[in-house]
Each structure stands twice: as C-alpha cells, then as structure tokens.
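Visitor: Got a predicted structure plus its sequence, pasted below:
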Amino acid sequence: MPSRTRAPRRASPAAARTHDRPKTEQATRPYAVRRSPIHGRGVFATRAIAKGEDIVEYRGRRISADAADTLPDSDPDNPYHTFLFELNDGRVIDAGVRGNAARWINHSCAPNCEPYEDDRGRVIIAARRTIRAGEELAYDYRLNVEGRRTKALLAAYRCRCGARRCRGSMLDPAKAPSPRGSAR
Ligand SMILES: C[S@@+](CC[C@H](N)C(=O)[O-])C[C@H]1O[C@@H](n2cnc3c(N)ncnc32)[C@H](O)[C@@H]1O
Ligand SMILES: [Zn+2]
C-alpha cells in the first residue's frame, strides 16, 4: 500500500504502480527542460515518443517519510511546492538532492505520462499515449494530503494544467475525505 504524506506541506506524488513493462533503450534524451505555461520549469518532448516508451527515471536520494517531513521548503516562496515522490515501500524520493530533469515534470489532470515502479524499485516516467514533439510532459501527481479538503487546502494545491477536464486540484481525488469527514 502506498504510504500517506503526514503534513500538507509535505505532499508528494502518490506511489507509482508496479508494472511489468518492457524497457526501451534511449539513444538520446527525448526531452528538454524549459519554462512551462503550467508552472515554473517544465519538461518538453524533443521528438515523438511512442505510447509505452520509458522516458526518464525520477532520481534523487531515498529517505523515510519522517525525514521528508522535516525537510526545509523546496521553494522558499511556496510551502506547497514539492520535489518528493512517494514509493510503494513507504519511503520517499527527494529529488531536491541528486535529482535529475524528471523533477521538473509538472502535473496534469489529462496527463500524457504515467509513473511506475519497476522491479528494481526505480520510478520510471513512461508515455501513456503517443506524444508529439514539443508537447509538455506531465503526469497526474495524485498528491496525498491528510485532513479535510478545506477551501484553503484546495487553493494551496490548485491545478493550472489547463486541461479541458481539469479537476482544479493536484490532490488525489480518491483520497478525498467525505464531506462529513469520514475518510473511509
Ligand atoms: C516537481 S515540481 C515541478 C517543477 C515546477 N514547475 C518547478 O519549476 O519547480 C512540482 C511543483 O510544481 C508546481 N506544479 C506542478 N504542476 C502544477 C500544476 N498543474 N498546477 C500548478 N502548479 C503545478 C507545484 O508547485 C508543485 O509542487
Ligand atoms: Zn488540472
């Protein structure tokens, strides 16, 4: 079971599902980092990427969820900014240390990418459909945040992906406590 982040300020993209997916060797990187219309920096396809193709590993140091809770803000101007990615074993990848380009991939409610954990425990960002050159890469963060989905919390995690069916939030809709507050 994926672990849950303990505090709103330490939300991290939900643990990737484990797939048995063939690996595709990349001769050259099919992506580049540049300014994004969604937020800050983003990652963009530099050539067409086939559905199912592995694009990039989400790298960084691996730390416990407790240690992640004690980290300083990854963006001093935004306490809700995160470079954390939850693993299926409950630990967290902190891409703020030894991270690579994958840490700049933004969230979308209509994503063209999907993360998965391979049999060696690596988190791989793969294409969930054919991606054209120039498209921004994005996956659904499905952020885990405990507590009631108050207006303030929803505003803190407001989504600016621009998708036609944007759900308005980077939070995991499956984890939303009911209006009466019972989480189950
Ligand atoms: C892993 S970083 C992605 C890179 C980010 N654009 C940057 O320049 O730091 C994740 C953070 O980017 C921002 N972000 C990503 N996708 C977003 C979206 N769809 N809407 C609003 N903010 C987003 C949030 O602050 C989130 O915590
Ligand atoms: Zn959205």
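Guide: Happy to help now that I have it. Ligands and ions are numbered 1, 2, ... in the order given.

Visitor: And the next helix or strand past the host helix or strand of Asp66?
Guide: Assigned by DSSP states H and E, Asp66 belongs to helix 65-69. Later in the chain than helix 65-69, the nearest helix or strand by DSSP H and E is strand 84-86.

Visitor: Listing partners with orientation, what would you give for the helix or strand just after that next one?
Guide: Once the chain leaves strand 84-86, the next helix or strand it forms, by DSSP H and E, is strand 92-94. Sheet pairing of strand 92-94 (DSSP bridges) gives strand 61-63 (antiparallel), strand 84-86 (antiparallel).

Visitor: Tell me how far the first one lies from the chain's centre.
Guide: What that stands for is strand 61-63. 16 Å (C-alpha atoms, centre = their mean, to the nearest Å).

Visitor: before we move on, what about stretch 97-110?
Guide: For stretch 97-110, the distance to the chain centre is 6 Å (C-alpha atoms, centre = their mean).

Visitor: between the strands paired with strand 92-94, which one is nearest to ligand 2?
Guide: strand 84-86 (18.5 Å; C-beta to the ion). Every residue, glycine included, has its C-beta placed from N, CA and C.
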